[in-house]
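A.B. asks: Here is my input, please return the structure:
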Amino acid sequence: MKITPIDISGHRFGKRMRGYDQEEVRSFLNLVSAEFERIVIDNNALKEDLAQIKAGIADYKERERILKETLLTAQKLAEDIKEEARKEAQLVVREAELKGSQLLDQAARKAGQLEAVITSLRVERDAFEQRIRGAVEQHLRLLDMHKKEEAVEDRLRFMKKPPAGEQG
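C.D. replies: Sure thing, here's the model as predicted:
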């Protein structure tokens, strides 16, 4: 049974012979009623304070939950970003290796083509040198032949010349 300060102050005791002093009982009941009322008021204030504290705690717990979720989300995002960056770095490295391999292959092909051109040019140079050498040697033979012919002509002229006293 719940008792209120009004119940205490309004309570009436039965009368008997040789009973308690009614005025003293009433005074004491008023005192108890006032003290009980103060306790009830204090209790209600404490309940309100407790409700506010509980609401504050609930708010802080909600904030803590949100912070934890945010922290977990940030950690997950950071891990995802790291993983994505790692994958992207691997992709860049693979692309660079592929591009480098392609460039090396191109360079090797170019080098092979240049070697073939150089070899072809050497063959042409050697053939040209041989033709020039052959032409020079042929001209030298012709020059030698002309000198021999001149020498032969000079001898023949000398032979064809009439002797000094026989001229005409």
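A.B. asks: Helix or strand: which one has the most centrally placed residue in the chain?
C.D. replies: Centrality entry for the chain: nearest residue to the mean C-alpha point is residue 85, 3.9 Å, by CA atoms, centre = their mean. Assigning secondary structure by DSSP states H and E places residue 85 in helix 22-160.
A.B. asks: List phi and psi for residue 14.
C.D. replies: phi -70, psi 160 (degrees, to the nearest 10).
A.B. asks: and it, how many neighbours?
C.D. replies: Residues lying near residue 14 (other CB atoms under 10 Å) number 5. To be clear about C-beta, it is placed using only N, CA and C from the backbone, and glycine gets the same treatment.
A.B. asks: Please report how far it lies from residue 21.
C.D. replies: Distance, residue 14 to residue 21, by CB to CB, to the nearest Å: 15 Å.
A.B. asks: What number of residues are in the vicinity of residue 34?
C.D. replies: Count around residue 34 with other CB under 10 Å applied: 13.
A.B. asks: What of residue 82?
C.D. replies: Around residue 82 there are 10 other residues, counting by other CB under 10 Å.
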